[in-house]
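**Q** sequence plus predicted model, see below.
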Amino acid sequence: MLAELKQRRAIRQFKTREVERDKIETLLEAATYAPNDRMREPWHFYVIQGDSLKRYEQVALDYLQKRFPTKPHLIESSMKAITHTPLIIVVTSAIVDGDSGATKDNTFAVSSAIMSMWLMAEQLDLGMVWRTRGVGLVHDTALHTFIEASDAEQLVGTLCIGYPAEEIESTKKRTPFTEKTTWL
């Protein structure tokens with residue numbers, strides 16, 4: 001397992017090949033086995049592909065043009081992140097009314113579910129990147145409105161998924177755990 005974790009990469013370049021429905025369902029099933037407090041299973045998945053992906057592209061373009069009106073090159077490069085992605089899954093977490101601690105625990109659980117999906121994607125020969133800022137639109141209301149999420153949901157991640165367009169062989173630089181660990 002450690003070797004697989006060391007090989008995991010954020011993949012941002014995808015082939016145009018569509019992701020098969022059975023593989024999408026396997027990713028979603030893997031997510032549902034993530035640990036979660038009190039078995040709240042606080043996740044919801046919005047699968048965006050085909051025509052809905054074209055509509056999402058317009059939502060992202062509108063957001064970027066409003067946010068960066070004087071930076072057309074930034075808009076163009078940011079849009080490539082989704083216009084060359086065959087599948088997007090937006091993941092939300094349940095908000096527990098009146099309980100900020102439980103809401104936070106739910107976000108942790110959904111983050112774990114996303115990591116489960118990422119590891120499963122590797123097993124299925126798929127690549128993935130977890131986006132939040134920019135075209136990920138996690139910090140803006142436009143995506144929340146587009147997917148018609150309820151007021152009891154908060155966005156946690158926009159997952160761009162597809163077949164990797166290139167092989168990444170480089171070693172990941174990481175700070176050794178010894179530099180980030182305090183033994184008490």
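**A** Everything's here; your move.

**Q** gap between the residue nearest in space to the middle of the chain and K71?
**A** Nearest to the mean C-alpha position of the chain, counting by CA atoms, centre = their mean, stands L159 at 2.6 Å. Here L159 is placed at a distance of 25 Å from K71 (CB to CB, to the nearest Å). Placement of C-beta: from N, CA and C, glycine included.

**Q** next one: S170
**A** 29 Å.

**Q** neighbour-wise, which of the two wins?
**A** Taking neighbours as other CB atoms under 10 Å, S170 and K71 compare with K71 leading, 13 against 6.

**Q** and the pLDDT at that one?
**A** pLDDT, K71: 89.

**Q** what's near enough to touch it?
**A** With contact set as CB atoms under 8 Å, 6 or more residues apart in numbering, K71 has no partners.

**Q** from S77, how far off is it?
**A** For K71, the distance to S77 - CB to CB - is 10 Å.

**Q** could you pull out the helices for this protein?
**A** 2-7, 21-31, 51-67, 72-83, 100-123, 141-146 (DSSP state H).

**Q** so in the chain, which strand runs the longest?
**A** Ranked by residue count under DSSP state E, the longest strand found in the chain is strand 153-162.

**Q** centre of the chain to that strand, how far?
**A** Averaging C-alpha positions (CA atoms, centre = their mean, to the nearest Å) puts strand 153-162 3 Å from its chain's average.

**Q** kindly export it (C-alpha atoms) in PDB.
**A** C-alpha atoms of strand 153-162 as PDB (Å, rounded to 0.1, in the frame of the first residue of the first chain):
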ATOM      1  CA  GLU A 153     -24.700  20.600   1.400                       C
ATOM      2  CA  GLN A 154     -21.300  22.200   1.100                       C
ATOM      3  CA  LEU A 155     -19.000  21.700  -1.800                       C
ATOM      4  CA  VAL A 156     -15.800  19.800  -0.900                       C
ATOM      5  CA  GLY A 157     -14.200  18.900  -4.200                       C
ATOM      6  CA  THR A 158     -14.500  18.900  -8.000                       C
ATOM      7  CA  LEU A 159     -12.800  15.800  -9.300                       C
ATOM      8  CA  CYS A 160     -11.500  15.800 -12.800                       C
ATOM      9  CA  ILE A 161     -11.200  12.200 -14.000                       C
ATOM     10  CA  GLY A 162     -10.200  10.400 -17.200                       C
END
